[in-house]
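Q: just need the structure, nothing else, for what follows:
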Amino acid sequence: MNYIYLYNNLIKLTTNKLLYKNLVNQDTFNDRLIIFLFHFAIFLKVFKNKDNEKELQKIYDFNFRQLELSIREIGYGDQSINKKMKDYINLFHAIVSDIHFWDGLNLDKKKDIISKFLENFNNVDDLVKYFDDFFLNLSKKSLNSYLKSVIKH
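A: Below is the predicted model:
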């Protein structure tokens, strides 16, 4: 199965200009990558269950291969890419760990989590609301529907 639709949809969500309205400075590749990783972490959290385990592993592998290709396109060398990918995978797993109980966390805890990873944003209330809505929208459909369609938000 080809996961490019899902990956492209996550990229499209990540490039939503409204997400960056509370930036202190101009957005960076790192800011966009972290927002992508939040989208992806929430996606995996919503659909994680025994039935989807193998499929989600394939999606995980595909997305990180795509990220690696994007980093290569930016112009990093092989040694730099390996280090960057290790850093990004560790960052992703830290996000996954922190959002594990997202749907049960209060507003202040969610704001703390987002602020921890996105230090370049001065007001994260809008991001919390956005990711709460994203979580809710994902939970209304099946994994299969997201693999074959465009995510709208």
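
Q: low-confidence ranges, the protein, go.
A: Along the chain, the model assigns pLDDT under 70 to residues 1, 149-153.

Q: do that again at 80, thanks
A: 1-2, 26-27, 76-79, 148-153 (pLDDT under 80).

Q: what are the ranges of the strands in it?
A: Secondary structure of the chain by DSSP state E: no strands are present.

Q: all helices of it, in order?
A: For the chain, the helices defined by DSSP state H occupy 4-14, 29-47, 53-74, 78-98, 107-117, 125-139, 143-147.

Q: could you dump those helices into CSV with distance to Tyr20 added?
A: Backbone N, C-alpha and C define where each C-beta goes, glycine included. Shown next, in CSV, are those (distance: least, C-beta to C-beta, whole Å):
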stretch, distance to Tyr20
helix 4-14, 10
helix 29-47, 7
helix 53-74, 18
helix 78-98, 18
helix 107-117, 13
helix 125-139, 10
helix 143-147, 24
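
Q: looking at those helices, which is buried most?
A: helix 29-47 (a mean of 20; mean count of other C-beta atoms under 10 Å).

Q: so which residues make contact with that one?
A: 6, 10-11, 13-15, 19-20, 23, 56, 59-60, 63, 67, 74, 88, 91-92, 95-96, 99-100, 102, 114, 117-118, 120-121, 131, 134-135, 138-139, 143, 146 (C-beta atoms under 8 Å, 6 or more residues apart in numbering).

Q: redo that, cut-off 6 Å
A: Identification of contacts with helix 29-47 by C-beta atoms under 6 Å, 6 or more residues apart in numbering yields 10, 13-14, 19, 56, 63, 92, 95-96, 99, 117-118, 120, 134-135, 138-139, 143.

Q: what do you get for stretch 89-96?
A: Applying C-beta under 6 Å, 6+ apart, the set of residues contacting stretch 89-96 from outside is 37, 41.

Q: export only the CA atoms of that stretch, formatted as PDB.
A: Once side chains and other backbone atoms are set aside, the C-alpha atoms of stretch 89-96 remain, and they are given as PDB (Å, rounded to 0.1, in the frame of the first residue of the first chain):
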ATOM      1  CA  ILE A  89      13.400  10.100  15.800                       C
ATOM      2  CA  ASN A  90      14.300  10.800  19.500                       C
ATOM      3  CA  LEU A  91      12.300  14.000  19.300                       C
ATOM      4  CA  PHE A  92       9.300  12.200  17.800                       C
ATOM      5  CA  HIS A  93       9.400   9.500  20.600                       C
ATOM      6  CA  ALA A  94       9.600  12.300  23.200                       C
ATOM      7  CA  ILE A  95       6.500  13.900  21.700                       C
ATOM      8  CA  VAL A  96       4.700  10.500  21.500                       C
END
